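J.: Model the structure of this input:
(one chain, ligands or ions: 2)
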Amino acid sequence: MTGDEDSAPFGRTGRLVVKVGSSLLVDDQGRLRRDWMARLCRRLTARAGEVVLVSSGAIALGRRALDLQRRPRALAEAQAAAAVGQIHLAGAWSEVWAEQGCTAAQVLLTLGDLEQRPRYLNARATLEMLLGRGIVPVVNENDTVATEEIRFGDNDRLAARVAQLLGAERLLLLSDVDGLYTGDPAVDPNARRIDRVESITAEIEALAGGAGQAGLGTGGMASKLAAVRIAVEAGVSVVLSSGRTEDPIGDLFGGGPSTFFQAATRPPAARKRWLRGLQHPQGELVLDAGALRAVQGGASLLAVGVSEVRGRFGRGDLVRLLGPDGPCGQGLSGYDSIDAARIAGLGSERIAEVLDQAGRGPMVHRDDLVLFQERTATT
Ligand SMILES: Nc1ncnc2c1ncn2[C@@H]1O[C@H](COP(=O)(O)OP(=O)(O)O)[C@@H](O)[C@H]1O
Ligand SMILES: N[C@@H](CCC(=O)OP(=O)(O)O)C(=O)O
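T.: Ligands and ions are numbered 1, 2, ... in the order given. As a prediction, this is how the structure comes out:
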């Protein structure tokens with residue numbers, strides 16, 4: 001991202017997921033707070049590296065058009081309000097990002113999109129493609145189609161899952177409250193803000209109350225803490241702060257009141273352990289010497305370095321990796337065996353021609369890949 005207003009004394013952040021609650025986006029008359037949105041975009045353009053926005057607000061915004069006084073309770077009502085609100089919301093984000101010279105893209109997700117392996121891989125590839133082109137994904141739950149069973153239900157959790165999916169450096173939860181308090185500050189005048197939380201213990205969870213003002217938010221602090229747990233266990237630190245301050249992202253850099261949740265340090269190792277423990281590869285990919293060196297250096301396995309594809313497997317299935325000297329690792333394939341065989345040995349431009357579409361990312365993403373030598377080195 002680029003921006004004229006560069007006042008970043010501490011430099012830019014790495015990949016950042018920012019979740020914006022309804023109460024920041026929609027005023028008590030049900031109108032969009034467009035000036036605030038523009039300010040947020042200006043600050044992110046100046047200070048952040050890659051940004052993914054997770055924006056609530058569709059239901060709060062749509063309910064005025066449906067003449068609903070409070071947050072709709074019936075699912076169909078909420079879904080109709082979301083349908084009305086979302087088109088407005090996405091249009092406004094697109095405009096305020098355009099004012100900063102950035103393109104925004106709308107990404108609507110349901111829980112199933114991140115729970116089922118092929119859809120998870122698609123979502124990740126799309127988001128990576130957007131970020132790679134400097135486009136800002138604006139994510140919301142696909143409220144109009146999600147049923148009770150397949151809903152995230154709140155965007156705090158959706159944001160945490162997106163941060164996990166993208167290996168974000170940090171998740172910023174912007175709310176109407178500037179952190180986690182010892183009790184709900186809306187009802188307890190003696191509640192004190194906690195600056196830093198090292199781990200989400202039962203005592204911490206017990207502090208959380210329900211949603212805040214005007215019935216705009218959904219989950220309250222309990223849903224935020226559930227989201228924080230997902231993120232920190234995936235190695236993503238979380239900042240919970242208020243978007244009501246002059247610089248809505250100021251606290252990201254330690255400038256003001258907020259609660260910082262420390263990422264647990266070992267989760268990426270836990271994922272690698274899980275991958276290493278998978279037992280039944282459905283196929284094999286034969287790597288040339290250059291590809292083996294690349295993956296040993298921490299890169300993803302690209303199709304160009306695969307000389308042969310053996311077996312029948314689906315996208316997301318486990319495949320064994322064979323180097324010039326024999327089995328060297330395993331991972332989850334980004335392609336099914338038919339497409340993998342068609343693109344083996346090809347560079348990205350040829351892949352686009354052969355598959356009649358742009359490639360869907362590497363043959364095996366580095367996060368989905370383990371090498372066998374690491375087994376002896378780490379366990
Ligand atoms: N322990 C707590 N610390 C801070 N806020 C709390 C706590 N318990 C409950 N809350 C309430 O949670 C609200 C934030 O949740 P919510 O309304 O869902 O926000 P958002 O719309 O940003 O997702 C606050 O306004 C506050 O009243
Ligand atoms: N997907 C819903 C948001 C649900 C939600 O989590 O709202 P909030 O608690 O304000 O972050 C919408 O756009 O209205």
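
J.: Surely residue 190 touches residue 181?
T.: No. If you go by C-beta atoms under 8 Å, residue 190 and residue 181 don't touch, sitting 9.6 Å apart. (C-beta placed from N, C-alpha, C; glycine too.)

J.: The two: which is more packed in?
T.: Shown here are residue 190 and residue 181; by other C-beta atoms under 10 Å, residue 181 has more neighbours (20 against 8).

J.: okay, the more buried one: pLDDT?
T.: Looking at residue 181, its pLDDT reads 95.

J.: any idea which helix or strand comes after the helix ranked longest in the chain?
T.: Using DSSP state H to define each element, the chain has its longest helix at helix 75-99. For helix 75-99, the following helix or strand on the C-terminal side (DSSP states H and E) is strand 104-109.

J.: Let me see the mean pLDDT of that following strand.
T.: For strand 104-109, the per-residue pLDDT averages 97.

J.: buried residues in the helix or strand just after it?
T.: Later in the chain than strand 104-109, the nearest helix or strand by DSSP H and E is helix 111-115. Using 16 or more other C-beta atoms under 10 Å as the test for burial, helix 111-115 gives 111, 113, 114.

J.: Could you double-check that the last one sits in contact with residue 159?
T.: No. Residue 114 sits out of contact with residue 159 when judged by C-beta under 8 Å, with a separation of 11.6 Å.

J.: In a strand, residue 321, correct?
T.: Yes. The assignment for residue 321 is a strand, going by DSSP: H, G, I helix; E, B strand; the rest coil.

J.: Specify the beta-bridge partners of it.
T.: Per DSSP bridges, the residues bridged to residue 321 are residue 285, residue 329.

J.: For the stretch 51-200 of the chain, which residues are neighbours of ligand 1?
T.: Residues of the stretch 51-200 of the chain lying close to ligand 1 (C-beta under 6 Å from any ligand atom) are 175, 176, 177, 180, 181, 183, 184, 185, 186.

J.: Show me those residues that map onto strands.
T.: If you go by DSSP state E, these have residue 175 in strands.

J.: picking that back up, show me what the longest helix of the chain is packed up against.
T.: helix 34-47, strand 51-55, helix 58-65, strand 104-109, strand 136-141 (3 or more C-beta pairs under 8 Å, 6 or more residues apart in numbering; DSSP states H and E).

J.: weakest of those in terms of mean pLDDT?
T.: helix 58-65 (a mean of 90).

J.: Now do that helix: distance to the chain's middle.
T.: For helix 58-65, the separation from the chain centroid amounts to 24 Å (computed by C-alpha atoms, centre = their mean, to the nearest Å).

J.: Any buried residues in that helix, and which?
T.: In helix 58-65, counting by 16+ other C-beta under 10 Å, buried: 58, 59, 60, 61, 62, 63, 64.

J.: With stretch 304-317 instead?
T.: In stretch 304-317, counting by 16+ other C-beta under 10 Å, buried: 304, 305, 306, 309, 310, 313, 315, 316, 317.

J.: Over to the fifth one: give its phi and psi.
T.: What that stands for is residue 310. For residue 310, the backbone dihedrals (degrees, to the nearest 10) come out as phi -120, psi 140.

J.: Show me how this protein divides into domains.
T.: 16-265, 270-378 (automatic domain parsing).

J.: Can you convert the buried residues of stretch 304-317 into JSON lines and add a column each for distance to ligand 2, secondary structure and pLDDT?
T.: Output for the buried residues of stretch 304-317, formatted as JSON lines (distance: C-beta to the nearest ligand atom, whole Å; DSSP: H, G, I helix; E, B strand; the rest coil; pLDDT from 0 to 100):
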{"residue": "304", "distance to ligand 2": "40", "secondary structure": "helix", "pLDDT": "96"}
{"residue": "305", "distance to ligand 2": "41", "secondary structure": "helix", "pLDDT": "97"}
{"residue": "306", "distance to ligand 2": "40", "secondary structure": "strand", "pLDDT": "98"}
{"residue": "309", "distance to ligand 2": "41", "secondary structure": "strand", "pLDDT": "98"}
{"residue": "310", "distance to ligand 2": "44", "secondary structure": "strand", "pLDDT": "97"}
{"residue": "313", "distance to ligand 2": "35", "secondary structure": "coil", "pLDDT": "94"}
{"residue": "315", "distance to ligand 2": "28", "secondary structure": "coil", "pLDDT": "88"}
{"residue": "316", "distance to ligand 2": "27", "secondary structure": "coil", "pLDDT": "88"}
{"residue": "317", "distance to ligand 2": "32", "secondary structure": "coil", "pLDDT": "89"}
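
J.: Out of those, which comes closest to residue 351?
T.: residue 304 (8.7 Å; C-beta to C-beta).

J.: I'd like to know how far the nearest residue to the closest one once chain neighbours are set aside sits from ligand 1.
T.: Spatial nearest neighbour of residue 304, excluding adjacent residues (C-beta to C-beta, 6 or more residues apart in numbering): residue 347 at 5.1 Å. The gap separating residue 347 from ligand 1 is 44 Å, by C-beta to the nearest ligand atom, to the nearest Å.

J.: Could you point out which residue ranges in the stretch 51-200 of the chain have low pLDDT?
T.: 149 (pLDDT under 70).

J.: Touching, residue 324 and residue 291? I think so.
T.: No. Counting by C-beta under 8 Å, residue 324 sits too far from residue 291 to count as a contact (9.9 Å).

J.: So which of the two has more stuff around it?
T.: residue 291 (24 against 12).

J.: Just the C-alpha atoms of the one helix or strand the more buried one maps to, please, in PDB.
T.: Element membership of residue 291 [criterion: DSSP H and E] is helix 289-296. Below are the C-alpha coordinates for helix 289-296, written out as PDB (Å, rounded to 0.1, in the frame of the first residue of the first chain):
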ATOM      1  CA  ALA A 289      16.900 -31.100  -7.100                       C
ATOM      2  CA  GLY A 290      16.100 -27.400  -7.400                       C
ATOM      3  CA  ALA A 291      12.700 -27.800  -5.900                       C
ATOM      4  CA  LEU A 292      14.100 -29.800  -3.000                       C
ATOM      5  CA  ARG A 293      16.600 -27.000  -2.300                       C
ATOM      6  CA  ALA A 294      13.700 -24.500  -2.500                       C
ATOM      7  CA  VAL A 295      11.500 -26.300   0.000                       C
ATOM      8  CA  GLN A 296      14.500 -27.000   2.300                       C
END
